[in-house]
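Participant: Here you go, sequence then predicted model.
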Protein chains: 2
Amino acid sequence: MSSVSVPPPKCLQKPLVVPHRYMFGPGPSNVPPRILKAGANPVIGHMHPEIFEIMSDIKTQNSMTFAVSGTGHAAMECAIFNTVEGGESVLSAVNGIWGERAAEMAERIGATVNTIVAPPGGFLTNADIEQALSKHRPVVFFLAHGESSTGVLHPLDGIAELCHKYNCLFLVDSVASMGGTPLHMDQQGIDILYTGSQKVLNAPPGTAPISFSERACQKIFSRRTKPVSFFLDLGWLANYWGCDGKPSRLYHHTGPVTAFYSLRESLAVLAEEGLENSWERHHKVAEYFHQGLESMGLKLFVKEKKARLPTVTTIIAPHGYDWKEITAYIMKTHNLEISGGLGPSAGLVLRVGLMGCNSSKDNVDMVLAALRDALKHCHKSKV
Amino acid sequence: MSSVSVPPPKCLQKPLVVPHRYMFGPGPSNVPPRILKAGANPVIGHMHPEIFEIMSDIKTQNSMTFAVSGTGHAAMECAIFNTVEGGESVLSAVNGIWGERAAEMAERIGATVNTIVAPPGGFLTNADIEQALSKHRPVVFFLAHGESSTGVLHPLDGIAELCHKYNCLFLVDSVASMGGTPLHMDQQGIDILYTGSQKVLNAPPGTAPISFSERACQKIFSRRTKPVSFFLDLGWLANYWGCDGKPSRLYHHTGPVTAFYSLRESLAVLAEEGLENSWERHHKVAEYFHQGLESMGLKLFVKEKKARLPTVTTIIAPHGYDWKEITAYIMKTHNLEISGGLGPSAGLVLRVGLMGCNSSKDNVDMVLAALRDALKHCHKSKV
């Protein structure tokens, strides 16, 4: 045997230490012990009948529904890579960072990309959207339902009808919204919908549920070219997940089986509570939170009440303070994560996420107390 | 609140049940309780200092080393997407299924792909390789070091020198070999090397360590076009992993933090044993296994001894039997996974993987007993 020239790194001799922390930023959220425990079950094969049953629990009644073996960004690329071919036109609603990233992904595969930009904290009207659809004639229109960077819950009503009028697929990112606010893929005419495991679902990051409508499948399965990614190719994924009706399932990639266990368990927790109950809880808790913030004199970044995301709240960075000092103080003193802005909201806001099991009045009280404490102890300029 | 038209699926009301099973197929392997437990630690933020420390434990002394947030196929695409631009020439050694898949991935992004094909169970000579390099002048040459579909451990010596002579990067897949047999990235001149978490490392599937040489980085960072994938873009990943020397780390994607915990722990287990000891153990156990098989009258698919992968053994499907009946019998009767062939070895072989903690003489004895039992009880035709 040859000898190793590099000794094993000393850092690996120390035990692994992971702190407990209140995860009240825009994600990942805290994961309840039941879901963590599910993920620590023994590994079985990615093609064993038992994992197919667990994968089947993850699917919905819509036939083309499964989980991407990656985080939200992988689902975003899965959606775009499969629905868009080089040279086709894509329209992205830039309502925060997600619209920018969707645009970048489509550009990278050679699409012609146009954007419509909403002011930070605002949203687009259906008239804006129709005008852009009619002008650019895209094959896909991207919209973030829950814009976690700006705290906007974008209205969806009527948009699918506009898309379909212009022969365009409606692609919706619900990473920060699904499970926390009403969302009806079929009734609202959404063609591609995805979310992440680590927000309202309270599973660890690493899987991303995604669903494709019949209309989306029709376009995808009549492509002229193969999608750029083999790993994210819907034909292969659909077969691996048993969504294509074929009798045999071929080896595509080694699914992250333990991540499927925890995702499955997170869905079971949500099913036990009931989707409507979860929606209602998130809305009530958010309202209680927003009232508490306003009664402290803090201002919300999203002016229009109905456009406030119940899962991730954006608070205008308190005047005279350095937002970084506030988030650092709260982390250090309260062992609690809240975060600053991202993309178009960077430097402008504080972001607080209360998602899934974290969405409770007790947690709101904890965040409000931490904020009050921070405003008392952090430096305030005299302006 | 709107009402849900679809009731929660009944299947989610049942408790999650995962069997324990001997995972002696080509992967995933069994995961020891210590590593499963590491992955059940609480979720912290993907940008918190503690996760950066855990990620730093995963890195090596080579500056551009990190783990892809996905399984081996994602690492394969990460390697190809970053090193190859549309229109460039790629050469893939097809020595089993992995060379085929690498070729397909490169084709999908518009590369000009050529292959050199070794007979199943065999390998290529350096003369074959040089001839193809000189003819096709590729920018990247792909080779699977451990070809888990055929059971071949491909010789590496001298290949990097040939690649570099023809100004080509040497890309090596070590998913089935790393940790189980000597491998020296720097000394052997490998430019891009990746593996998977779920084989010798004994972590759950879902992360894939990858490393790029200086030479590879030079090509990548002077690309004319952006890689097709934002999720797998080395520029972004290098920054997220703190490999680019920049003072601030930007949000790229939400890293699968709990999968990083278990990967880190799997590396700690390997460091405790010592790489050389692990290599030696795998080789000794494989030799013991191969002798046992031969003394039962079974034949190995890979004729040349030095080209037998110590981690995954391919056995010529016993004459007169249906291989599917054998694997099914062993699964049912012994709760033990061994598998059939894949790609060019489909229908021709049985595959047994003994990797990481599974590589022991006791486990060899268990597999041999199961095989003996299967050959006794499965149907044998009279030919």
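Facilitator: Sure thing, it's come through. No experiment lies behind these values; they were computed from the predicted model shown.

Participant: isn't A:Gly99 right next to A:Phe141, touching?
Facilitator: No. If you go by C-beta atoms under 8 Å, A:Gly99 and A:Phe141 don't touch, sitting 10.6 Å apart. Backbone N, C-alpha and C define where each C-beta goes, glycine included.

Participant: Quickly list what's touching both of those two.
Facilitator: Common contact partners of A:Gly99 and A:Phe141 (C-beta atoms under 8 Å, 6 or more residues apart in numbering or on different chains): A:Ser92, A:Ala93.

Participant: In contact with A:Ala93, which residues?
Facilitator: A:Ala93 makes contact with A:Gly99, A:Thr115, A:Ile116, A:Ala118, A:Leu124, A:Ile129, A:Phe141, A:Phe142, A:Leu143, A:Ala144, A:His154, according to C-beta under 8 Å, 6+ apart.

Participant: Name the residues of the stretch 101-250 of chain A found near chain B, please.
Facilitator: Within the stretch 101-250 of chain A, the positions adjacent to chain B are A:101, A:104-105, A:107-109, A:182, A:184, A:186-187, A:196, A:198, A:204-206, A:226-231 by C-beta under 8 Å from any C-beta of the partner chain.

Participant: Mind checking which of the residues you listed land in helices?
Facilitator: Among these, the members found in helices (DSSP state H) are A:Arg101, A:Glu104, A:Met105, A:Glu107, A:Arg108.

Participant: out of those, which are buried?
Facilitator: A:Arg101, A:Met105, A:Arg108 (16 or more other C-beta atoms under 10 Å in any protein chain shown).

Participant: Thought A:Met76 was touching the first one, still the case?
Facilitator: Looking back up the chat, that one is A:Arg101. Yes. Shown here, A:Arg101 and A:Met76 form a contact pair, counting by C-beta under 8 Å, at 6.8 Å.

Participant: now the strands for chain A?
Facilitator: Remark: strands assigned in chain A by DSSP state E are A:22-23, A:65-68, A:89-94, A:112-117, A:140-144, A:146-147, A:152-153, A:169-173, A:192-194, A:208-212, A:312-316, A:336-337, A:339-340, A:349-353.

Participant: mind listing what the third one pairs with, with the direction of each?
Facilitator: Under the criterion DSSP bridges, strand A:89-94 sits next to strand A:112-117 (parallel), strand A:140-144 (parallel) in its sheet.

Participant: quick one on the thing from earlier: switch the buried ones among the ones in helices among the residues of the stretch 101-250 of chain A next to chain B over to CSV; also include pLDDT.
Facilitator: Output for those, formatted as CSV (pLDDT from 0 to 100):
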residue, pLDDT
A:Arg101, 97
A:Met105, 98
A:Arg108, 98
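
Participant: ok now do A:Asp322, which residues does it touch?
Facilitator: By C-beta under 8 Å, 6+ apart, the contact list for A:Asp322 reads A:Cys378, A:His379.

Participant: Out of the strands of chain A, which is the most enclosed?
Facilitator: Looking across the strands of chain A with neighbours counted as mean count of other C-beta atoms under 10 Å in any protein chain shown, the highest average goes to strand A:146-147: a mean of 32.

Participant: mind checking the backbone torsions on the residue nearest in space to the middle of chain A?
Facilitator: In chain A, the residue lying closest to the centroid (C-alpha atoms, centre = their mean) is A:Val175, at 1.7 Å. A:Val175 adopts backbone torsions of phi -50, psi -40, taken as degrees, to the nearest 10.

Participant: Hmm, A:Ser197 and it touching each other?
Facilitator: No. Using C-beta under 8 Å, A:Val175 is not in contact with A:Ser197, being 9.6 Å away.

Participant: overlap in contacts of the two?
Facilitator: Common contacts of A:Val175 and A:Ser197 (C-beta under 8 Å, 6+ apart): A:Ala208.

Participant: Can you report how many residues neighbour A:Pro49?
Facilitator: 10 (other C-beta atoms under 10 Å in any protein chain shown).

Participant: need the contact list for A:Gly245.
Facilitator: By C-beta under 8 Å, 6+ apart, the neighbours of A:Gly245 are A:Ser63.

Participant: What score does it have for pLDDT?
Facilitator: A:Gly245 is assigned 93 on the pLDDT scale.

Participant: distance of it from chain B?
Facilitator: Distance of A:Gly245 to chain B, computed by C-beta to the nearest C-beta, to the nearest Å: 19 Å.

Participant: Now the phi/psi pair for that residue, please.
Facilitator: Per-residue torsions, A:Gly245: phi 70, psi 0 (degrees, to the nearest 10).

Participant: measure A:Met256 to B:Ser262 for me?
Facilitator: Rather than Met, residue A:256 is Pro. From A:Pro256 across to B:Ser262, the span is 11 Å (C-beta to C-beta, to the nearest Å).

Participant: Quick check: neighbours shared by those two?
Facilitator: Joint contacts of A:Pro256 and B:Ser262 (C-beta under 8 Å, 6+ apart) are B:Pro204.

Participant: For chain A, just list every one of the helices.
Facilitator: Using DSSP H, helices in chain A cover A:33-39, A:49-58, A:72-83, A:97-108, A:126-136, A:159-165, A:214-220, A:234-240, A:257-273, A:275-295, A:323-334, A:361-377.

Participant: right, so of the ones you listed, which gets closest to B:Met331?
Facilitator: helix A:49-58 (9.8 Å; C-beta to C-beta).

Participant: buried stuff in that closest one?
Facilitator: Of the residues in helix A:49-58, those buried under the neighbour-count criterion (16+ other C-beta under 10 Å) are A:Ile51, A:Phe52, A:Ile54, A:Met55, A:Asp57, A:Ile58.

Participant: one step back: TSV for the strands paired with strand A:89-94, including mean pLDDT?
Facilitator: Output for the strands paired with strand A:89-94, formatted as TSV (pLDDT from 0 to 100):
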stretch	mean pLDDT
strand A:112-117	98
strand A:140-144	98
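
Participant: Show me where the stretch 101-250 of chain A dips below the pLDDT cut-off.
Facilitator: Along the stretch 101-250 of chain A, no part satisfies pLDDT under 70.

Participant: so which residue of it comes closest to chain B?
Facilitator: Relative to chain B, the nearest point of the stretch 101-250 of chain A is A:Gly206 (3.5 Å; C-beta to the nearest C-beta).

Participant: That residue contacts A:Val257, correct?
Facilitator: No. Using C-beta under 8 Å, A:Gly206 is not in contact with A:Val257; the gap is 11.3 Å.

Participant: Those two: who's more crowded?
Facilitator: Neighbours were tallied for A:Gly206 and for A:Val257 using other C-beta under 10 Å; the higher tally belongs to A:Gly206 (34 against 27).

Participant: Spatially nearest residue to the more buried one (excluding sequence neighbours)?
Facilitator: B:Pro256 (3.5 Å; C-beta to C-beta, 6 or more residues apart in numbering or on different chains).

Participant: what about the one you found, neighbour count?
Facilitator: 30.

Participant: cool, and the one 3 residues further on?
Facilitator: B:Ala259: 26 surrounding residues under other C-beta under 10 Å.

Participant: go on, A:Pro15?
Facilitator: Neighbourhood size, A:Pro15 [other C-beta under 10 Å]: 7.

Participant: Do you know the pLDDT at it?
Facilitator: pLDDT, A:Pro15: 96.
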